[in-house]
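The sequence and its predicted three-dimensional model are supplied below.
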2 protein chains.
Amino acid sequence: MGLINNINKAFDHRIRLGIMSILMVNEYADFKMLKELLDVTDGNLASHAKALEKEEYIKVEKSFIDRKPNTKYSATPLGRAAFKKHIEALEKLIGK
Amino acid sequence: MGLINNINKAFDHRIRLGIMSILMVNEYADFKMLKELLDVTDGNLASHAKALEKEEYIKVEKSFIDRKPNTKYSATPLGRAAFKKHIEALEKLIGK
């Protein structure tokens, strides 16, 4: 059992950390809000959001607002639990 | 300026986080010690250590102990400062 076993590979990238951190404290965030808060490109954000969606850590809802497409993200209960565990493992690793 | 700008890409992988965390609290660690503490393969450890060495965040010293090759790692002052900044950015991101 190594020191990093509880550190979740799915959160290894800072963009994924950023998405999850935002969704832990906001019920929803749309694509534009995430993009601005994280200061990342559309492609980067989309690919890391997709990876988290695949793990079922976040949920994606697509709709139209004023006839414009809107993509809304939220953390799933599974994602919240996994991220909490990840943060605890990080804190343990760095001795906090 | 995004929320994740101060999160250092060089530490995005959990094995690199692990190596740095160990070297923050130990003056030196050899390859075997890192491998056992982190429970990773030789190849994985070598490749992530190499990445940190390239950034000049860790220093590698090769020697012979009882005629056996020994590889010793330590964090550089630059690495210590960068890791500290990274941890502070993580803490800020997750709202601690």
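Received it, and whenever you're ready, just let me know what you need. This structure is a prediction, so every number in the text was calculated from the model and none was measured. Residues are numbered from 1 along each chain as shown, chains lettered A, B, ... in the order given.

and the longest helix along chain A, does that touch chain B?
Ordering each helix of chain A by length in residues (DSSP state H) puts helix A:77-93 first. Yes: for helix A:77-93 and chain B, the contact criterion (CB under 8 Å from any CB of the partner chain) is met by A:Ile87, A:Leu90, A:Leu93. Using the backbone N, CA and C atoms, a C-beta is placed for each residue, glycine as well.

One more: stretch A:19-39?
Yes: interface with chain B: stretch A:19-39 contributes A:Ser21, A:Ile22, A:Met24, A:Val25, A:Glu36, A:Leu37, A:Leu38, A:Asp39 (CB under 8 Å from any CB).

Contact partners for the fourth one?
Meaning A:Val25. B:Gly95 (CB atoms under 8 Å, 6 or more residues apart in numbering or on different chains).

Where does the prediction get shaky in chain A?
A:1, A:96 (pLDDT under 70).

how does it look with 90?
A:1-6, A:12, A:65, A:88, A:90-96 (pLDDT under 90).

mind listing the helices for it?
A:14-25, A:31-38, A:42-54, A:77-93.

Kindly compare burial across the ones you listed and name the winner.
When the helices of chain A are scored by mean count of other CB atoms under 10 Å in any protein chain shown, the highest mean neighbour count falls to helix A:14-25 (a mean of 22).

Tell me the gap between that helix and the middle of its chain.
4 Å (CA atoms, centre = their mean, to the nearest Å).

Stretch A:83-96 too?
Once both centres are worked out by CA atoms, centre = their mean, stretch A:83-96 turns out to sit 16 Å from its chain's centre.

How about the residue most central in space within chain A: what's its closest non-neighbour residue?
A centroid search over chain A (CA atoms, centre = their mean) returns A:Met20, at 2.9 Å, as the residue closest to the centre. Nearest in space to A:Met20, with sequence neighbours left out and distances taken as CB to CB, 6 or more residues apart in numbering or on different chains, is A:Phe83 at 4.7 Å.
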